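Asks: just a sequence and a predicted model for now, questions to come.
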Amino acid sequence: MLTENQISDFSELLGKDNICIVLHKSPDGDTIGSSFALLYALKRMGKNAQAVCSDEIPDQFMFISDGKKNLDMLFEPDTVVSVDVASESLFGEKFSYLADRVDYSIDHHFSNTFYAKKTILYDSISSAGELMFELFKSADIEIDRYIAEKLYTAISFDSGCFRYSNTSPDTHLAAAELLKFGFDSSSINVKLFDSVSLAQLKLESEALNSVKQYKNNKISMVTVRYSQIERLGVNENELGGLTAITRRIAGTVVGITVREKSDGEIKISLRSQQEAPFPDFDVSKVAGKFGGGGHVRAAGLSMKCSVKEAEKRIIEAVSEEWERLYDNPCK
Ligand SMILES: [Mn+2]
């Protein structure tokens, strides 16, 4: 349920004009879908509004951004709203200057750093898309087919097509209400989850060969070097599927994906899944030790070191938390 404050902050935002919506860097289906739903609703209200993103929209997601690849600043805004952006660092290079002048942050990450003047944070909801759906309803914004399609796409993306544990009865109810508008949800889900380039598929196959397992195969780690990405010609923004590899290995409780970027920085994604008898493994806690953040089951961080060193550091940190949680302290 939204709080009174969240509802009143959102209605205050709807009273503003000359609005700039900021997406997070490395844009995904949630930040694009929920931002475009808000952008459209604001424009329909007669507002001057635009959406910006530091990075290009990946080809795979351009159907969500109405075919737009670049979201650049078109006018000087009076009001800045970030959508699905947990921290200042996620504004990306081009629009980092906006981070300290954000009026409203609409977000669902419990790691949100409260950089905005007002933060509309709902951290137990599946997606910014589901939060936007609730906010639209609270403000009596009429949902039409366009908005329904964008919000459904956002929700489906962040819930892994309703498979992740962030999927609640309310997530399904929101999706059901949106589906009534009759857009082609099947084709959206194929585009989001089943369709990859051959180069991506080849990279994933190489990544599979790199799997290492620890702690009785409960921790799985995948490593991808930039030289592989370059050789196969995979776009840096086509790499989202790599983090799904560890999840697909049966028995994995904690999945680690180590990826070297073109600038040498190491990007590490952490995933955890519930598996009896193991209680929740909070990956955001491990990410936090390296200045990263995220959720209990999905988090990320960056390191500036060699691939080998990054692997060593992250497996040590994950193992330490593993031993604290699960290993018999009397041993
Ligand atoms: Mn999100």
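Replies: Structure's in. What do you need? No experiment lies behind these values; they were computed from the predicted model shown.
Asks: the stretch 151-300 of the chain: helices as residue ranges?
Replies: For the stretch 151-300 of the chain, the helices defined by DSSP state H, counting those that start in this stretch cover 169-179, 185-189, 198-209, 226-232, 242-248, 283-288.
Asks: contacting residues around the last one?
Replies: Right, helix 283-288. For helix 283-288, the external contacting residues (Cβ atoms under 8 Å, 6 or more residues apart in numbering) are 110-111, 254, 268, 270-272, 292-301, 314, 317-318, 321. Placement of C-beta: from N, CA and C, glycine included.
Asks: please repeat the previous calculation with a cut-off of 6 Å.
Replies: Outside of helix 283-288, the residues within contact range by Cβ atoms under 6 Å, 6 or more residues apart in numbering are 111, 270, 272, 293-295, 299, 301, 317-318, 321.
Asks: which one of those residues is nearest to K215?
Replies: Sorting the contacts of helix 283-288 by how near they are to K215, with Cβ to Cβ, puts V318 at the top with 8.6 Å.
Asks: can you tell me how far the closest one sits from G240?
Replies: 21 Å (Cβ to Cβ, to the nearest Å).
Asks: the two: which has the busier surroundings?
Replies: V318 (23 against 18; other Cβ atoms under 10 Å).
Asks: so which residues make contact with the helix or strand encompassing the more buried one?
Replies: Using DSSP states H and E, V318 maps to helix 307-326. Residues outside helix 307-326 that contact it (Cβ under 6 Å, 6+ apart): 215, 219, 254, 256, 258, 260, 266, 268, 286, 289, 303.
Asks: confirm that L42 sits in a helix.
Replies: Yes - assessed with DSSP: H, G, I helix; E, B strand; the rest coil, L42 lies in a helix.
Asks: quick revisit: switch the contacts of helix 307-326 over to a markdown table; also include distance to the ion.
Replies: Shown next, in a markdown table, are those (distance: Cβ to the ion, whole Å):
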| residue | distance to the ion |
| --- | --- |
| K215 | 29 |
| I219 | 25 |
| V254 | 21 |
| I256 | 21 |
| V258 | 22 |
| E260 | 25 |
| I266 | 23 |
| I268 | 19 |
| V286 | 20 |
| K289 | 22 |
| M303 | 23 |
